[in-house]
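K.L.:
with the sequence up front, the predicted model follows.
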Amino acid sequence: MEKEQFMHWLSEELPESLFSQIAAQVLFRCQHCRECCRGEGYALVDEEDIHEIARALEVSHSIAKSRFTEPDPEKNPGCRILKSYGAERSCCFLDRISSRCSIYHNRPKICRSFPMLSAEPEDGNAICLYSDCLGTASFARMILEKRGDIQVQRDMQILNEQEEMRQKLKISLCIWLRRTLGQKEDADSICRITGEQPFQKNDLERYCLAYFLMTMKTDGLKDYLESGFRD
């Protein structure tokens, strides 16, 4: 019964676009341009995130909360935002010397899922294409390069014809997302309930590429690279 309920939730209650977003996040490679660590935007954090920050810095929860966060201007329930400093409004955890995140392994969930999952796309798109993100530009180039690949076409055919393979991929994507967000117990629970183990890294990336191309229009990627992206 537990497995049946989970599979119903997976197939009927989750939007198809979510799996396209997760697949894109699996394929995304950060280029360390640091554009997401500064600017007018901000990182939304919850109590669980603050706990991880406190653990990384070996301070109390209350100190981490007061020293590194401030009230959310949009007043999302249970959320605060990371403090930023300077003219560029750099994140308080962006190291000025190395230009790297000083709490990378304990970074908030929104940082782990950026940019493909934490975005709010417009015009019916499943993902956002940011004009300053080197990683997004690299992702777009990779998709355009690979969409005519013979092996990718074969993988798309497999996913189109085999519902069981699509279901296994969706389960793997759920597990991958939980682990990426630091929710290991939830990931292990999905493995237990479904009796499935996630795809190995190479197979996961291979089928994520095929799934993304199956479910997403890619014509706009060329326009983005030609006019929308500022290198």
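P.N.:
Right, received. Where do you want to start?
K.L.:
and the residue most central in space within the chain, what does it touch?
P.N.:
Within the chain, the residue whose C-alpha comes closest to the C-alpha centroid is Ser113; the distance, by C-alpha atoms, centre = their mean, is 2.8 Å. Ser113 is in contact with 25, 177, 180-181, counting by C-beta atoms under 8 Å, 6 or more residues apart in numbering. Every C-beta, even on glycine, is put in place using the N, C-alpha and C of the backbone.
K.L.:
ditto for Ala126
P.N.:
Under the criterion of C-beta under 8 Å, 6+ apart, the contact list for Ala126 reads 17, 20-21, 24, 215-216.
K.L.:
and Met116, how many neighbours?
P.N.:
Residues contacting Met116 under the criterion other C-beta atoms under 10 Å number 23.
K.L.:
tell me the mean pLDDT for stretch 36-46?
P.N.:
With pLDDT averaged residue by residue, stretch 36-46 scores 89.
K.L.:
the biggest helix by length in the chain - what's its average pLDDT?
P.N.:
Using DSSP state H to define each element, the chain has its longest helix at helix 163-180. Mean pLDDT, taken over the full extent of helix 163-180, equals 96.
K.L.:
other SSEs contacting that helix?
P.N.:
Helix 163-180 is packed against helix 16-27, helix 150-161, helix 184-194, helix 201-215, with contacts defined by 3 or more C-beta pairs under 8 Å, 6 or more residues apart in numbering; DSSP states H and E.
K.L.:
so which residues make contact with the first one?
P.N.:
Judged by C-beta under 8 Å, 6+ apart, the contacts made with helix 16-27 from elsewhere in the structure are 113, 116-117, 126-127, 139, 142-143, 169-170, 173-174, 176-177, 180, 204-205, 208-209, 211-212, 215-216.
K.L.:
any regions of this protein where pLDDT drops low?
P.N.:
The model of the chain has pLDDT under 70 over residues 119-125, 228-231.
K.L.:
could you break it into its assigned domains?
P.N.:
Taking automatic domain parsing as the reference, the chain has its domains at 1-28+127-231, 33-114.
K.L.:
return the distance of the longest helix of the chain from the chain's centre.
P.N.:
Its chain's C-alpha centre and that of helix 163-180 lie 14 Å apart, by C-alpha atoms, centre = their mean, to the nearest Å.
K.L.:
and the spatially closest residue to Arg147 that is not a sequence neighbour, how far from Leu117?
P.N.:
Take Arg147 and drop its neighbours on the chain: the residue closest to it by C-beta to C-beta, 6 or more residues apart in numbering is Leu213, 5.4 Å away. Applying C-beta to C-beta, to the nearest Å, one obtains 18 Å for the distance of Leu213 from Leu117.
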